[in-house]
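Engineer: Provided below for reference: sequence and predicted model.
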Amino acid sequence: MDDLDKKILRELQRDSRSSFTKIAQNIGVSTATVSERVKRLTKKGIICGYTAVLNTSELGMVTLITKIKIKSGYSVDEVGKEIAKLDESCCIHHVTGDFDLLVISKCVGHGKCGAVIEKKKNIEGVQSVDAELVLNTLKEELKVKL
C-alpha cells in the first residue's frame with residue numbers, strides 16, 4: 001500500500017458515498033486510477049464494505065460489553081463464530097488477559113441485555129461471561145489514521 005492508496009482510503013473514510021470522480025478530483029488523479037485502486041484494495045480485503053454510521057443511542061440502543069472465558073479444550077475461534085451469529089454482536093476480539101473474548105453488543109433497551117448475556121452463557125464452550133453496560137459513549141468510530 002502506497003501513499004496514493006492511503007489518500008483514497010482517507011477520502012473513503014471521510015465520506016464513503018463520494019464518487020470515484022470526486023475522490024479523484026480531491027487527490028489529483030484520474031477517476032480510472034481511483035477505480036482500479038479501490039478494486040485492488042477491496043480484493044486484498046483492506047476495504048471490507050461500505051455502511052451508514054448510526055447513532056445507536058438515538059435509536060434507543062444500549063451498548064453491552066461482555067468479557068468471555070472459554071472452557072479448556074474449546075476453540076476460541078469456534079466459540080467466537082457462534083457469538084458472531086447473535087444479531088446483537090457488533091465486534092468480537094480475541095484478547096489477552098483473564099478473558100479470551102471481548103464482545104461489543106448493541107441491544108434495544110436495557111431489558112434486552114439480560115437475554116443477550118444468557119444467550120452467550122448458553123453457547124457451548126463458554127465458561128463464564130462478565131458483563132458491563134455502557135452509561136455514556138464519549139467516542140465511537142471506526143476511522144483510522146493513515
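Structural biologist: All right, it came through fine.

Engineer: Break this protein into its domains for me.
Structural biologist: Residue ranges for the domains of the chain, per automatic domain parsing: 3-43, 61-133.

Engineer: okay, those domains in CSV with distance to Val144, mean pLDDT and mean neighbour count next?
Structural biologist: No exception for glycine: its C-beta is placed from N, CA and C like everyone else's. Output for the domains of the chain, formatted as CSV (distance: least, Cβ to Cβ, whole Å; pLDDT from 0 to 100; neighbours: other Cβ atoms under 10 Å):
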stretch, distance to Val144, mean pLDDT, mean neighbour count
domain 3-43, 7, 96, 15
domain 61-133, 14, 97, 16
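
Engineer: need these in a markdown table with distance to Lys143, can you?
Structural biologist: Shown next, in a markdown table, are the domains of the chain (distance: least, Cβ to Cβ, whole Å):
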| stretch | distance to Lys143 |
| --- | --- |
| domain 3-43 | 5 |
| domain 61-133 | 15 |
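
Engineer: Ok, which of those comes nearest Leu146?
Structural biologist: Leu146 sits nearest to domain 3-43 of all those, at 4.3 Å, using Cβ to Cβ.
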